[in-house]
Structure formats: C-alpha cells, structure tokens
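Participant: can't give you the sequence, but here's the structure:
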C-alpha cells in the first residue's frame, strides 16, 4: 500500500511539473503578451493601453490573430507602431506562433535568445520573422537554424554586428533573407547555396568582404540579389547571369573587378534592374544587352568600361533610367562633351551627379535624385549644388547660382520620364552654349 501511494504521489508531481513547464492554453499566450506590454517604455499612440486589456480575449486584441483549430496565438503584427522597449523572455512561450512582425519600431537590446528555440517546443512553428527597422544589437544567433520552418527572416536596418552564421544555409525552407543595413563583417557564407528555395537575398549596406560565392549561382529560384555597398572584391561569377528568374541584380558600391560576359543577357529574360555602378569593372559593354527586353534600370557609371556604347541599348523600349557616366567610353570626347550617339537620359543624370556630387542610388523611398533637385529649383539651388563649385560672394554669387539652376533645368529636361518629352542632344548643346555665354558675362 505504501509503495502504491508513493508511486501515485510521484506520478502526480511529475504531471504537475510537466503542466507547469509546458504551455498548454490561451492563458499562456496572454501572459506572454502582457509581459511584452510591460516591457514597452514608449507607446505614443497608446496602442496597447487602449487595445490590450486582460478583460478581453487575447484573440480579439488588435494585432493578434488566433488559429481556428487550437484558438492559440499564431500571428502577431505590431509593425509601424512607434513602440520602444525590449522583448521579454516569456515571449518564447508563444509556441503556436507562425508569423511575427515587429518591424519599424524601436525595439532594443541584443537579438533575444529567448525567441530562438534551443529545445523542442519554442517557436518551432515560426515561418515569418520580421524584426527589421529597429535598434537591435549583438550578433545573429546560430540557433536561428533550429527554426526549421522559417521562410522569411528580415533583420534589416538594425545595428547587428558579427558575421552571417554558416548555419543559415541549413534553413531549407527560407525564401527571403534580408540582413541589409547592419554592421555585418566577414565573408558571405558559401552554405547559403544550400538554401535552395531562396528567392530574395538582400545583404546590402554592410561591411562584407571577399568574393561573391560561386555557389550562389545554384539558387535557381532567386529573383532579387542585392549586395550593394559592401567591400566585395574579385570578379562577378559569370554563372550568376544564368539565373533565369533574376529580376534585380545590384552590386553597386563595391570593389568588384573583371569584365562582363559577352552574352550577359542571354540567360536573363526577366531582368528589370542591373546596378553595377561604383566598382572597378572594365572591358566593353556587350551588344547582347538588347536581349534584356524587360530592363528598366541600367546603372554602369563609375567603372572603367571602354569602347563604344552599344547602339543596341536604344532597342530597350522599357528602359527608364540609364547611367553610364564616369567611364572611358569613346563617345565621351576629350573636351567633356557627349556625342549625339550618347543617351540623353544618361547625360542628364551625369549633369545632376556632377553639379550635386550625389548619386541616384543614394536616395531611397519616394525621393529620387531628380525629385530632390526639382523641388529645390530655383529658389533653393544652394541646398543641392556642390559647395565646392560655387565660390563667389555678393551679387556674383547669385549670378552663379542662376547659371547652375539653368544647367540643372536642362539636366531635368534630359531626364524626363517619357522619352518623347526629353530634349534632343542638338537642342541641349544649344542651351548649354547660351548658358556658357551667361556665365562668361557674370
């Protein structure tokens, strides 16, 4: 009898311990979210005070979605709420969570280890994780690889340091990886080539070094590959230009060398944006560019390209933006003028770049280089012109600014969105000659 009682007591204690350790109901989810609420130190819109009340079912809280089967929290979207705070340890108890979006807030602290499952049961259902545009620090935990169902990992524009963990390549379901705008160093891990379902790889605006891994070319589902503004060296693997689903290739602002393949567009039927400016690329531009029939943006400025600009570029009827300036093309005469063969849009961009010392790719969101200049003319031209170009004072200063404003107006006319509205090069030359006469008279 005594042994039976002892066995019963031990069994009861184990069941109680198991119940205490394992999240089993919606109350667990509510406690986790209330813990998050307690860690918020700034909520300017009073979003949580007004919408997250313990007297209301957590499934009815704004930003919270529960699954129909288990009635557990499976989605949490608090993006763009201007929240400031930290993520509590209890957050790891949201074991049914499939989608978590905390993007565009001011969450702080190291990337929370408690969100990453170190044993079975912690966030193992998670498929979408967006922590982008916050103030997280620290490094990327290697244990992210344990979230085996993860499809989207967005950590863009934080202050994350260290290297990209090699184990990221073990996330075989990953489709979107965005680590742009952090402080990452080291090399691009070759293991990324194992993430065969990857469609978007965005790791721009970091301090990554070394070569572009050859294995990236095995990612046949890739449609967006952006590694601009890092410190990459070596040549661009030619096989990258055979990823047929690619729509955007962006390597601007590195130290990449070598040439481009002769058949650069033979394997890129869907390419819409090719950004290769500010590198050390050389050689001729292939006439096969005309095969990129959907190309809308072509940026090749600030390299060492030579030879003639292929006339076949004129066959790109979808092309909206073209920048070829600061190369060594034969179309550019020694006197700095551009021959009538050169694309007028490219020349307009070159004028804007020259007089502002700004590049089109320095602008994000709804503002472009053209819009920035346009909004400043004519009254605020001093706000956009390179200060080193204007040295006069007094009345002469205003005359020089008027001349610069006239040149920028010509540049904007060259860059009109509709090709039919762009000024032809013959008229551009005539207008610039009149401006030169105006400048001499200053």
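Facilitator: Sure, I can see it. All figures in this text were calculated on a predicted structure; none of them were measured in a lab.
Participant: what count of nearby residues applies to the residue nearest to residue 322 when sequence neighbours are not counted?
Facilitator: In this structure, residue 322 finds its nearest non-sequential neighbour in residue 346, 4.6 Å apart by C-beta to C-beta, 6 or more residues apart in numbering. In this view, the C-beta of every residue, glycine as well, is placed from N, C-alpha and C. Residues lying near residue 346 (other C-beta atoms under 10 Å) number 24.
Participant: same check on residue 110?
Facilitator: Counted with other C-beta under 10 Å, the neighbours of residue 110 add up to 12.
Participant: so what's it closest to, chain neighbours aside?
Facilitator: The shortest distance from residue 110 to any non-neighbouring residue, by C-beta to C-beta, 6+ apart, is to residue 138 (3.2 Å).
Participant: please enumerate the strands of the stretch 151-300 of the chain.
Facilitator: For the stretch 151-300 of the chain, applying DSSP state E, counting those that start in this stretch gives strands covering 152-154, 176-178, 200-202, 209-210, 224-226, 231-232, 248-250, 273-275, 282-283, 297-299.
Participant: adjacent strands (with direction) for the first one?
Facilitator: So that's strand 152-154. Taking DSSP bridges as the criterion, strand 152-154 forms sheet pairs with strand 128-130 (parallel), strand 176-178 (parallel).
Participant: one more: the last one?
Facilitator: Strand 297-299 has the following strand partners under DSSP bridges: strand 273-275 (parallel), strand 321-323 (parallel).
Participant: and the contacts of that strand?
Facilitator: Outside strand 297-299, the residues that touch it by C-beta atoms under 8 Å, 6 or more residues apart in numbering are 252, 272-277, 289, 313, 316, 319-324, 360-361.
Participant: could you redo the last one with a cut-off of 7 Å?
Facilitator: Defining contact as C-beta atoms under 7 Å, 6 or more residues apart in numbering, one finds that strand 297-299 is touched by 252, 273, 274, 275, 276, 277, 319, 320, 321, 322, 323, 361.
Participant: avg pLDDT for it?
Facilitator: Mean per-residue pLDDT for strand 297-299: 90.
Participant: over to the second one?
Facilitator: For strand 176-178, mean pLDDT rounds to 97.
Participant: over to the fourth one?
Facilitator: Looking at strand 209-210 alone, the average pLDDT works out to 96.
Participant: packing partners of it?
Facilitator: Judged by 3 or more C-beta pairs under 7 Å, 6 or more residues apart in numbering; DSSP states H and E, the packing partners of strand 209-210 are strand 231-232.
Participant: give me the sheet partners of the strand it packs on and which way each runs.
Facilitator: According to DSSP bridges, strand 231-232 forms sheet pairs with strand 209-210 (parallel).
Participant: could you report the neighbour count for the residue nearest to residue 72 when sequence neighbours are not counted?
Facilitator: Spatially, and ignoring its direct neighbours in sequence, residue 72 is nearest to residue 96 (3.8 Å; C-beta to C-beta, 6+ apart). For residue 96, the count of nearby residues is 22 (other C-beta under 10 Å).
Participant: mind checking pLDDT for residue 96?
Facilitator: pLDDT for residue 96: 92.
Participant: just to revisit the earlier point, now the contacts of strand 297-299 in JSON lines, with neighbour count, distance to residue 430 and pLDDT?
Facilitator: Formatted as JSON lines, the contacts of strand 297-299 follow (neighbours: other C-beta atoms under 10 Å; distance: C-beta to C-beta, whole Å; pLDDT from 0 to 100):
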{"residue": "252", "neighbour count": "25", "distance to residue 430": "34", "pLDDT": "92"}
{"residue": "273", "neighbour count": "19", "distance to residue 430": "34", "pLDDT": "94"}
{"residue": "274", "neighbour count": "25", "distance to residue 430": "33", "pLDDT": "96"}
{"residue": "275", "neighbour count": "22", "distance to residue 430": "33", "pLDDT": "94"}
{"residue": "276", "neighbour count": "23", "distance to residue 430": "33", "pLDDT": "96"}
{"residue": "277", "neighbour count": "25", "distance to residue 430": "30", "pLDDT": "91"}
{"residue": "319", "neighbour count": "19", "distance to residue 430": "25", "pLDDT": "86"}
{"residue": "320", "neighbour count": "16", "distance to residue 430": "26", "pLDDT": "81"}
{"residue": "321", "neighbour count": "20", "distance to residue 430": "25", "pLDDT": "82"}
{"residue": "322", "neighbour count": "25", "distance to residue 430": "22", "pLDDT": "82"}
{"residue": "323", "neighbour count": "26", "distance to residue 430": "24", "pLDDT": "83"}
{"residue": "361", "neighbour count": "21", "distance to residue 430": "31", "pLDDT": "68"}
